[in-house]
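1. just to be clear, the model below is a prediction. Sequence and coordinates:
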Amino acid sequence: MKKELRKRLLKRRSALDTTRLGAAAARHLAGFLRERGAREVLLYLPFRGELSPLELLELYPEAQYHLPRTAPDGLTVHPFASPRERHPYGFEQPTANAPRTDPRRLDAVVVPGLAFDRAGYRLGYGGGYYDRFLPTLPETTLRIGLAPAALVLEHLPRDPWDAQVDWLATEEGLLHATAPDN
């Protein structure tokens, strides 16, 4: 079910102006992070049409930014300026020997996703890295999904191990995720 849904949503996303939508979402997100005093923020490098959070570097320069690295044992966190390499799937990530950041220091995590639902569940690409990573963070860490409003759905199929985000950032603003509707 998720595989077929992924195909349909990838097609829907390909018809969107993700550059424009990402810039608008980043403006909203910068204000949100500033209001909450988030100083240590995990971003991601956009891939395959994902909305880019990278405008935050200019819009909210007071923060320290970090990037994730995917490895067989999970997701690790590294300073944004770390040396990078290309992952076998084609996206860039910090190298294996890049300095690490303790994830407990993070005030906010900006989570990529193909789509999210209003309860904060995401549809990613099937690796489960964020589903394993998000529950390890302190409760005070802001978990923010970044996606076009057209890809925020009422409900997505979910598995018991799927992790939620607390907020959804779109070009229309920030939306607080609602309680699960199981």
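-> Sure, I can see it. Numbers count the residues shown, from 1 in each chain.

2. how far off centre is stretch 159-171?
-> Put simply, stretch 159-171 sits 9 Å off its chain's centre (Cα atoms, centre = their mean, to the nearest Å).

3. if you count neighbours, what's buried in it?
-> Residues Asp162, Ala163, Gln164, Val165, Asp166, Trp167, Leu168, Ala169, Thr170, Glu171 are the ones in stretch 159-171 that count as buried (16 or more other Cβ atoms under 10 Å). In short, each C-beta sits where N, CA and C put it, glycine included.

4. residue ranges for the strands of this protein, please.
-> Taking DSSP state E as the test, the strands found in the chain are 40-42, 64-71, 74-79, 84-86, 92-94, 108-112, 115-117, 122-123, 142-146, 152-153, 167-170, 173-176.

5. now the angle from the second one to strand 108-112?
-> Angle, strand 64-71 to strand 108-112, by axes from the mean of the first three to the mean of the last three Cα atoms, to 10 degrees: 50 degrees.

6. circling back to that earlier point, between the strands of the chain, which one is closest to Ala15.
-> Shortest distance between Ala15 and those, using Cβ to Cβ, is found for strand 115-117: 13.9 Å.

7. list of residues touching that closest one?
-> 9, 122-123, 145, 147, 151-156, 165, 168, 177 (Cβ atoms under 8 Å, 6 or more residues apart in numbering).

8. if we can go back for a sec, make JSON lines out of the strands of the chain and add mean pLDDT and distance to Leu134.
-> Below are these laid out as JSON lines (pLDDT from 0 to 100; distance: least, Cβ to Cβ, whole Å):
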{"stretch": "strand 40-42", "mean pLDDT": "98", "distance to Leu134": "11"}
{"stretch": "strand 64-71", "mean pLDDT": "95", "distance to Leu134": "11"}
{"stretch": "strand 74-79", "mean pLDDT": "96", "distance to Leu134": "9"}
{"stretch": "strand 84-86", "mean pLDDT": "95", "distance to Leu134": "23"}
{"stretch": "strand 92-94", "mean pLDDT": "96", "distance to Leu134": "18"}
{"stretch": "strand 108-112", "mean pLDDT": "97", "distance to Leu134": "7"}
{"stretch": "strand 115-117", "mean pLDDT": "96", "distance to Leu134": "13"}
{"stretch": "strand 122-123", "mean pLDDT": "94", "distance to Leu134": "10"}
{"stretch": "strand 142-146", "mean pLDDT": "98", "distance to Leu134": "6"}
{"stretch": "strand 152-153", "mean pLDDT": "96", "distance to Leu134": "18"}
{"stretch": "strand 167-170", "mean pLDDT": "98", "distance to Leu134": "13"}
{"stretch": "strand 173-176", "mean pLDDT": "96", "distance to Leu134": "16"}
